[in-house]
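1. Have a look; sequence and predicted model below, questions after that.
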Number of protein chains: 2
Amino acid sequence: MARGPGTRAGLTRAAVLDAARVLLAEEGLAALTMRALARRLDVAPNALYSHVAGKTELIDALLDDHLAAVHDPTADAAEPVAAVAALMTSTFDALVTAPDLVPLYLDRRGARGANAVRLGVTMDALLTRAGVAADAIPTARGNLIVHAIGSAAFATADGPPGSRTARDSFVAGLGWLLAGIVRS
Amino acid sequence: MARGPGTRAGLTRAAVLDAARVLLAEEGLAALTMRALARRLDVAPNALYSHVAGKTELIDALLDDHLAAVHDPTADAAEPVAAVAALMTSTFDALVTAPDLVPLYLDRRGARGANAVRLGVTMDALLTRAGVAADAIPTARGNLIVHAIGSAAFATADGPPGSRTARDSFVAGLGWLLAGIVRS
DNA sequence: ACCTGAACACCGTTCAAGT
DNA sequence: ACCTGAACACCGTTCAAGT
C-alpha cells in the first residue's frame, strides 16, 4: 500500500508466520487478526491467502512451531522417569513463553502437528522403558499432557511473569503423577 | 422486529442468559454472538445491553452459573479425602456437559464468580481436615483444579460423547494427585 | 427504564482482474 | 504465481431518539 508502484511485496510463508509471532507477542491474541497482520506486512489482507490457507491453519502452524523449542531428550536416556520429567518440564517452560497461545492448545484439544507427534512418540518410548504397561500408556500420557498444558494456562494468570510459585506447583504435581504412574 | 407495533419485548436478564445457553448448546461457541442472540430473542442487537454489560460479562455469568450444577459435599464430611475426590469428579462431570465452555475457563484462567469461590472455600476446608499444611494448600488446590478443567477440555476431544475412557483417565490422575497430596 | 434505527470501526474470506 | 481493489456477510458496541 505504501510501496511504490511496480514493486512486489515478495511475501514468504515464513515471513507471514514470523510477523504473526511478533504481533502475538507484542499485542496479544485479540490483536492477531488477518487484517492487522497484512497491515504489518504492508500488504492487502487477501494477499496472505497466497501463503496460508486461513486463520485456523496459520494458528495451527504457530502452535506446532512453538513446540520445536521443546528439548527432546533421547529416548534411550539412562533414567526414563527422569527423562519424562525433563520432557514435560521443558514443554511447560516452552508453553509459558507464549501465554496467549496456551488456551489455543485446549481449543485444538492437543496439537496434531509434526512436533507434537514427535514428542508423543518419545514419551511413549520412555514410559515403556519405565515399565508402564502398553494399555496403561494412553492414560499416563494423557494425564501428563493435561497437567503440562493446564498448568501453563494457569501459570500466567496471576503473579509476575517469572513467577516461581506456578512452576513449583507444576513440578510438585508432575512428581505426584509420575509416582502414581510408575507405581500402578 | 416481527412483533406488532406498540408491544414490548419484555426481556429479562435471565431470559438472555437462558437463550445464550440454548444457543451455545445447539450451535456451539462460534454461533454465540450478540447479534445471533438478539435474533433469537426477536430483539435489536443493542437491546441486550440493557440486561448485560457486554459479551465478556455474559460469558462470565454463563461460566459461573454452570458451576451451580456441581454437587457441593458438606465440608464436614466423614472422609475428607473422599469428599475432595467427589467434589472434583462432580466438577469434571459438570464441565464435560458443556464442552464449548471449557476452553473459556482457561481463557478466564479460573472463574471468579460466586460459585467458583464457594467451591474453593469448601475444598480448602476439606484439604485442611485431610491434614494438608496451610502453606501447601494453594499448590494442592491448584493442581486439582488444573486436572479437572484440563481433563474436561481433552475429554471432549475424541471418542463418543459418553466416552468412559476419558473419565477413567481423569479418575486415575485424580487418585495419583490425591495420593501425592496427602503423603507430602 | 427499556427498546429502536443508524452508525462506527472493525472482522475473515472470496472473486475477478491485473502483472 | 502472486498481488490488488472491491465486495460479501458478518462482528461488538455506542449514541441519540423515542415510548
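-> Structure received.
2. moving C-terminal of the helix or strand of chain A with the lowest mean pLDDT, what's the next helix or strand?
-> Comparing every helix and strand of chain A by mean pLDDT, DSSP states H and E singles out helix A:102-107 as the least confident one, with a mean of 84. Reading on from helix A:102-107 to the C-terminus, the next helix or strand found by DSSP states H and E is helix A:114-129.
3. any idea of the mean pLDDT in that next one?
-> Rounded to a whole number, the mean pLDDT of helix A:114-129 is 95.
4. May I have it as CSV, with CA atoms only?
-> Listed next in CSV are the C-alpha coordinates belonging to helix A:114-129 (Å, rounded to 0.1, in the frame of the first residue of the first chain):
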residue,chain,number,x,y,z
ALA,A,114,4.8,-32.8,13.4
ASN,A,115,6.4,-31.6,16.6
ALA,A,116,3.6,-32.7,18.8
VAL,A,117,3.7,-36.2,17.2
ARG,A,118,7.5,-36.3,17.8
LEU,A,119,7.1,-35.5,21.5
GLY,A,120,4.4,-38.1,21.8
VAL,A,121,6.5,-40.8,20.3
THR,A,122,9.4,-40.0,22.6
MET,A,123,7.2,-40.1,25.6
ASP,A,124,5.6,-43.4,24.8
ALA,A,125,9.1,-45.0,24.4
LEU,A,126,10.2,-43.5,27.7
LEU,A,127,7.1,-44.7,29.5
THR,A,128,7.5,-48.2,28.1
ARG,A,129,11.1,-48.3,29.3
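5. buried ones in the helix or strand just after it?
-> Going down the chain from helix A:114-129, the next helix or strand is helix A:137-155, by DSSP H and E. Residues of helix A:137-155 classed as buried under the neighbour-count rule (16 or more other Cβ atoms under 10 Å in any protein chain shown) are A:137, A:139-155. In this view, the C-beta of every residue, glycine as well, is placed from N, C-alpha and C.
6. What is helix A:137-155 packed up against?
-> Counting by 3 or more Cβ pairs under 8 Å, 6 or more residues apart in numbering or on different chains; DSSP states H and E, the packing neighbours recorded for helix A:137-155 are helix A:80-97, helix A:102-107, helix A:114-129, helix A:164-183, helix B:102-107, helix B:137-155, helix B:164-183.
7. and the angle for it with helix A:80-97?
-> With axes from the mean of the first three to the mean of the last three Cα atoms, to 10 degrees applied, the angle from helix A:137-155 to helix A:80-97 works out at 40 degrees.
8. CA atoms only for helix A:137-155, dumped as CSV, please.
-> Extracted in CSV, the C-alpha atoms of helix A:137-155 (Å, rounded to 0.1, in the frame of the first residue of the first chain):
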residue,chain,number,x,y,z
ILE,A,137,0.3,-45.7,28.4
PRO,A,138,-2.6,-43.6,26.9
THR,A,139,-3.9,-42.8,30.4
ALA,A,140,-0.4,-41.9,31.7
ARG,A,141,0.5,-39.8,28.6
GLY,A,142,-2.9,-38.0,28.7
ASN,A,143,-2.6,-37.1,32.3
LEU,A,144,0.9,-35.7,31.9
ILE,A,145,-0.1,-33.6,28.8
VAL,A,146,-3.2,-32.3,30.6
HIS,A,147,-1.0,-31.3,33.5
ALA,A,148,1.6,-29.5,31.4
ILE,A,149,-0.8,-27.5,29.3
GLY,A,150,-3.3,-26.9,32.1
SER,A,151,-0.5,-25.7,34.5
ALA,A,152,0.9,-23.4,31.8
ALA,A,153,-2.5,-21.9,31.3
PHE,A,154,-2.9,-21.1,34.9
ALA,A,155,0.7,-20.1,35.4
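9. okay, the angle between it and helix A:114-129?
-> Comparing the axes of helix A:137-155 and helix A:114-129 via the same axes, to 10 degrees yields an angle of 130 degrees.
10. Helix A:137-155 - what's its average pLDDT?
-> Confidence over helix A:137-155 (mean pLDDT, whole number) is 95.
11. and if you look at stretch A:70-77?
-> Taken as a whole, stretch A:70-77 has an average pLDDT of 80.
12. for stretch A:48-55, same thing?
-> With pLDDT averaged residue by residue, stretch A:48-55 scores 98.
13. One more: stretch A:174-183?
-> Mean predicted lDDT for stretch A:174-183 stands at 97.
14. Now stretch A:99-115: buried residues?
-> Residues of stretch A:99-115 classed as buried under the neighbour-count rule (16+ other Cβ under 10 Å) are A:99, A:101-111, A:113, A:115.
15. Start and end of it, how far apart?
-> Here the two ends of stretch A:99-115 are set 19 Å apart, with distance taken as Cα to Cα, to the nearest Å.
16. so residue A:134 sits right up against residue A:128, yeah?
-> Yes - here residue A:134 lies in contact with residue A:128, judged by Cβ atoms under 8 Å, at a distance of 7.3 Å.
17. Would you mind telling me which of the two has the busier surroundings?
-> Taking neighbours as other Cβ atoms under 10 Å in any protein chain shown, residue A:134 and residue A:128 compare with residue A:128 leading, 14 against 9.
18. OK, contacts around the more buried one?
-> Contact criterion Cβ atoms under 8 Å, 6 or more residues apart in numbering or on different chains gives A:134, A:137 as the residues in contact with residue A:128.
19. chain center to stretch A:24-41, what's the gap?
-> How far stretch A:24-41 lies from its chain's middle: 19 Å, per Cα atoms, centre = their mean, to the nearest Å.
20. list the buried ones in that stretch?
-> Neighbour-count burial for stretch A:24-41, with 16+ other Cβ under 10 Å as criterion, is recorded at A:24, A:29, A:32, A:34, A:36-38, A:41.
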